[in-house]
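J.: Provided below for reference: sequence and predicted model.
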Amino acid sequence: MRALEYSRASSAEQAISIHARDEATAYLAGGTTLLDLVKIDIMQPDRVVDVHTLGLNQVEVLGDGRTRIGAMVTNTQLAHHPRIKSDYAVLSEALLSGATTQLRNKATTAGNVMQRVRCNYFRDGLSACNKREPGSGCAAIGGHNRSVHAVLGTSDQCIATHPSDMCVAMAAIGATVQVQGPNGKRDIDFQDFHLLPGSTPWKEHALQPDELITHITLDKPLVGAKSAYLKLRDRASYQFALASSAIILVLDGKIIRDARIAMGGVGTKPWRAVDAERALKGAAATPENFAKIAALALQGAVPYAHNAYKIPLGQQAIVRNLSTLTRGGVA
Ligand SMILES: Cc1cc2nc3c(=O)[nH]c(=O)nc-3n(C[C@H](O)[C@H](O)[C@H](O)COP(=O)(O)OP(=O)(O)OC[C@H]3O[C@@H](n4cnc5c(N)ncnc54)[C@H](O)[C@@H]3O)c2cc1C
Ligand code: SF4
């Protein structure tokens, strides 16, 4: 058994300075990723700093119409917050599609953004895994890669999907991650926060050592928009996405005036389908157009031995979501 020191911080500055004392320190939020991985010896911090007591647990509407979410707001609080339900339905739905009620009651906004991959080879602690042990190889590429492995944004070093549902909705909405570190505060565009594996798959995000996420601020909602999250998975609950779509639409009769599309389950990071969005703007809401948009969203996808089905499944996640959102308005 390894000893683990526990500290509790009462301010962001204190949390950061405790973290900075020793590089083997981790911030502890809900613990639903961190403690799982500590128990199976995949993450090995010597110390955890509990960040629950920093007062970062509010959802606030800012003067410019954006919405600022404290890092410690739980997934349950966020999903049921009146502002999120009314103006960011896609985010509420994505959160409620994740994990279970008990897990959502503990899981926090920052912890969700920082959750680790679900790749079985990463978690078994034995197989070659460049993410766990840089330079050791990737057992998933020639191994079993059906459910939690990607077809977009992969490299010859790592093909694990980013597992979050919440982050897919945030990628569609647009957001800023506010962080604080020993050198002060800074903002990171949500699109730039999660990194592609490339040749450094162990680098998963843009945080510097010791930096703490304090808030995530959602972009202003699009005026008159409808939105929805559709998650396709092996069973209806307590399961990660095989493919999912977060879609936000502004409709003018049968014409789509504005659109945001992001996908989960298919990419190595929450995947914003920018080309598909562009093509959708000004298009009529027809099944033919939806099929074209979906094909565009998966353009360039690279299948592996067991996950080629994710390409048509990802397309279906988009077509079905668009069809439902435009029901009654399809030309
Ligand atoms: C059985 C199971 C099923 C699940 N199913 C789903 C699912 O279907 N969809 C889905 O999206 N997720 C799912 N999850 C993942 C779950 O959403 C995450 O475990 C959770 O969101 C992590 O949040 P947490 O607060 O518990 O983070 P923690 O476990 O406390 O922390 C996670 C990581 O974030 C770091 N961290 C925490 N707070 C901060 C901060 N403020 N600044 C910087 N770093 C920080 C920690 O050091 C750690 O590295 C599932 C998890 C389990 C165990
Ligand atoms: S896919 Fe990534 S996480 Fe999985 S074994 Fe390969 S390197 Fe490790």
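T.: On my side now, so go ahead. Ligands and ions are numbered 1, 2, ... in the order given.
J.: check whether Thr76 sits in a helix, strand or coil.
T.: Three-state call for Thr76 (DSSP: H, G, I helix; E, B strand; the rest coil): helix.
J.: low-confidence ranges in the protein?
T.: Scanning the chain for pLDDT under 70 picks out the ranges 328-331.
J.: those residues of it touching ligand 2, which are they?
T.: Contacts of the chain with ligand 2, taken as Cβ under 6 Å from any ligand atom, map to 117, 119, 121-122, 129-131, 138-140, 158-160, 201. Backbone N, C-alpha and C define where each C-beta goes, glycine included.
J.: quick one: which of those residues sit in helices?
T.: Judged by DSSP state H, helices contain the following of the residues of the chain next to ligand 2: 121-122.
J.: which of the residues of the chain next to ligand 2 sits closest to ligand 1?
T.: Of all the residues of the chain next to ligand 2, Val117 has the smallest distance to ligand 1: 10.7 Å, by Cβ to the nearest ligand atom.
J.: ok and the residue in the stretch 1-150 of the chain nearest ligand 1?
T.: In the stretch 1-150 of the chain, the residue that lies nearest ligand 1 is Gly111 (2.1 Å; Cβ to the nearest ligand atom).
J.: what is the neighbour count of that residue?
T.: By other Cβ atoms under 10 Å, the residues close to Gly111 number 23.
J.: ranges for the helices of the stretch 151-300 of the chain?
T.: 166-173, 190-193, 274-280, 287-297 (DSSP state H, counting those that start in this stretch).
J.: so can I have a markdown table of the residues of the chain next to ligand 2 showing distance to ligand 1?
T.: Shown next, in a markdown table, are these (distance: Cβ to the nearest ligand atom, whole Å):
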| residue | distance to ligand 1 |
| --- | --- |
| Val117 | 11 |
| Cys119 | 14 |
| Tyr121 | 18 |
| Phe122 | 14 |
| Cys129 | 17 |
| Asn130 | 18 |
| Lys131 | 13 |
| Cys138 | 21 |
| Ala139 | 22 |
| Ala140 | 19 |
| Cys158 | 18 |
| Ile159 | 19 |
| Ala160 | 14 |
| Pro201 | 16 |
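J.: in strands only, show me the residues of the chain next to ligand 2.
T.: With DSSP state E as the criterion, strands contain none of the residues of the chain next to ligand 2.
J.: export the residues of the chain next to ligand 2 to JSON lines and tack on distance to Ser237?
T.: What follows is the residues of the chain next to ligand 2, written out as JSON lines (distance: Cβ to Cβ, whole Å):
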{"residue": "Val117", "distance to Ser237": "21"}
{"residue": "Cys119", "distance to Ser237": "22"}
{"residue": "Tyr121", "distance to Ser237": "25"}
{"residue": "Phe122", "distance to Ser237": "24"}
{"residue": "Cys129", "distance to Ser237": "28"}
{"residue": "Asn130", "distance to Ser237": "32"}
{"residue": "Lys131", "distance to Ser237": "27"}
{"residue": "Cys138", "distance to Ser237": "30"}
{"residue": "Ala139", "distance to Ser237": "29"}
{"residue": "Ala140", "distance to Ser237": "25"}
{"residue": "Cys158", "distance to Ser237": "28"}
{"residue": "Ile159", "distance to Ser237": "26"}
{"residue": "Ala160", "distance to Ser237": "22"}
{"residue": "Pro201", "distance to Ser237": "30"}
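J.: now render the residues of the chain next to ligand 2 as a markdown table, adding neighbour count.
T.: Output for the residues of the chain next to ligand 2, formatted as a markdown table (neighbours: other Cβ atoms under 10 Å):
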| residue | neighbour count |
| --- | --- |
| Val117 | 25 |
| Cys119 | 25 |
| Tyr121 | 25 |
| Phe122 | 24 |
| Cys129 | 26 |
| Asn130 | 25 |
| Lys131 | 23 |
| Cys138 | 26 |
| Ala139 | 19 |
| Ala140 | 28 |
| Cys158 | 27 |
| Ile159 | 24 |
| Ala160 | 26 |
| Pro201 | 24 |
